[in-house]
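K.L.:
3D model of this:
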Amino acid sequence: MLRRGEAEKALHAKGAITWGLASILLLTPLVAPLAGALPLQPSGLALGLLVFACMPTTLSSGVALTQVLGGNTALALLLTISTNMTSVFTLPFVLPWALQASASLGGFSCSGGDGGVAVQLDPMPLLVQLVQCILVPTLIGAGVRGVLPGIRTWVDSNRRTLSVISGALLSLVPWMQVSKALAQGVVVAPGALAAAVGCSLGLHVVYLALNAAAAQVFRLGGSDPRVAAPTRRALVVVASQKTLPVAMAVLGRLGPVVGAEAAGCAAVTAVFSHLAQTCADFWLVSRWLEYIRRREAKHAMATTAATTTAAAAVAATSPPAPSAPPEPTAQSAAAIGISPPQPGAG
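P.N.:
All right, here's what the predicted structure looks like:
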């Protein structure tokens, strides 16, 4: 749950928030019709890619990876919560458009062929289902947390344990969908599944490149690269990922429309695409973190060397300190008529 202080901190990055919302909810779903038009067999594999491309960002892995990278975690949380809530109202209209556009490109259709009829999806039943599955539970949880201070304190003190439990429960969703697909007799050749996952990774690379380029071109987070780095890291990671549980809820609604076999193939594609995306991002973040550490070490060495050089230059140009006059000896004191100090004199 995003705390008030974290939300206020994240709201300062207005440009990053605007781009993140637009990228997750509007721009990245633009490739969904192309994904649905890929010549994959069975055609349900392409349907899975289409649905997966329309999804909001992940519920937990994006925030976790942002924290590992030293990114703006508050921004990552804000984008995660806001896009998953907003998608309840955008998905019922984006998804039917993507299905229609894919069919016009010769992609997935009800008959599975190039001359098939486009899938007709009524937005209102999908909207009602998403409200029941996503919006209502979230609002109830936020309300209980706000009304009962004891619950809020307990949740904050057990955040790590609850996060593990939440992740375990979320992992049951794809397991149930894959089990359901297998029970329905859905069989996908390993080569076809590998091709679908490869296409999914290709789309993920496109998302990463798009968001990274936008962060640089629009100077999101500020004009100073070092100051803007945490914001840009959060944006690139979170805006490039797609969530699985919402995809499973959508495919559950699509099942009666496209058929059990196509929905089962689509569920398998979405599950493996999500796994591939997660593995790829963990690899990317580990390499990115190594690069950040090497760059910071090099910057620290350069700063130390510059400081040492500046100190040496200052020392070389400074005039020498005046030396103290020597103590008068007995001979010199006698020569000028001064009696030298006697031992024991006051």
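K.L.:
Secondary structure element for R294, which one?
P.N.:
Here R294 sits within helix 260-317, counting by DSSP states H and E.
K.L.:
Can you list the helices and strands that that helix packs against?
P.N.:
Helices and strands touching helix 260-317, by 3 or more C-beta pairs under 8 Å, 6 or more residues apart in numbering; DSSP states H and E, are helix 44-53, helix 61-69, helix 159-183, helix 190-217, helix 225-238, helix 245-258. Where you see a C-beta, it was placed from the backbone N, CA and C, and this is true even at glycine.
K.L.:
Determine the number of other residues adjacent to A13.
P.N.:
Using other C-beta atoms under 10 Å, the number of residues around A13 comes to 25.
K.L.:
My error: substitute L25 in the last question.
P.N.:
Neighbours of L25 (other C-beta under 10 Å): 22.
K.L.:
Assess the claim that it and T86 are in contact.
P.N.:
Yes - using C-beta atoms under 8 Å, L25 is in contact with T86, at 6.1 Å.
K.L.:
shared neighbours, those two?
P.N.:
Jointly contacting L25 and T86 under the rule C-beta atoms under 8 Å, 6 or more residues apart in numbering are P56.
K.L.:
Could I get the CA-only coordinates of stretch 58-77 as PDB?
P.N.:
Provided in PDB are the C-alpha atoms of stretch 58-77 (Å, rounded to 0.1, in the frame of the first residue of the first chain):
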ATOM      1  CA  THR A  58       3.000  -6.100 -12.600                       C
ATOM      2  CA  LEU A  59       1.800  -6.000  -9.000                       C
ATOM      3  CA  SER A  60       5.000  -6.700  -7.200                       C
ATOM      4  CA  SER A  61       8.100  -7.500  -9.300                       C
ATOM      5  CA  GLY A  62       8.400  -4.000 -10.800                       C
ATOM      6  CA  VAL A  63       8.500  -2.400  -7.400                       C
ATOM      7  CA  ALA A  64      10.900  -5.000  -6.100                       C
ATOM      8  CA  LEU A  65      13.300  -4.600  -9.100                       C
ATOM      9  CA  THR A  66      13.100  -0.800  -8.800                       C
ATOM     10  CA  GLN A  67      14.100  -1.000  -5.100                       C
ATOM     11  CA  VAL A  68      17.100  -3.300  -6.000                       C
ATOM     12  CA  LEU A  69      18.200  -0.800  -8.600                       C
ATOM     13  CA  GLY A  70      18.000   2.100  -6.200                       C
ATOM     14  CA  GLY A  71      15.200   3.700  -8.200                       C
ATOM     15  CA  ASN A  72      12.300   5.800  -7.100                       C
ATOM     16  CA  THR A  73      10.300   3.200  -5.200                       C
ATOM     17  CA  ALA A  74       7.500   5.700  -4.400                       C
ATOM     18  CA  LEU A  75       7.000   6.400  -8.200                       C
ATOM     19  CA  ALA A  76       7.000   2.700  -8.900                       C
ATOM     20  CA  LEU A  77       4.300   2.100  -6.300                       C
END
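K.L.:
got any ranges where the stretch 101-250 of the chain has weak pLDDT?
P.N.:
Within the stretch 101-250 of the chain, the stretches with pLDDT under 70 are 110-118, 174, 177.
K.L.:
what about 90?
P.N.:
Residues of the stretch 101-250 of the chain meeting the criterion pLDDT under 90: 103-130, 132-139, 141-190, 221-227, 245, 248-249.
K.L.:
State the number of residues packed around A64.
P.N.:
18.
K.L.:
Let me know the pLDDT of it.
P.N.:
Per-residue pLDDT puts A64 at 91.
K.L.:
Next, count neighbours for L27.
P.N.:
L27: 16 surrounding residues under other C-beta under 10 Å.
K.L.:
ok, the residue nearest to it when sequence neighbours are not counted to A22 distance?
P.N.:
Distance criterion C-beta to C-beta, 6 or more residues apart in numbering; nearest residue to L27, sequence neighbours excluded, is L210 at 7.1 Å. Separation of L210 from A22 (C-beta to C-beta, to the nearest Å): 11 Å.
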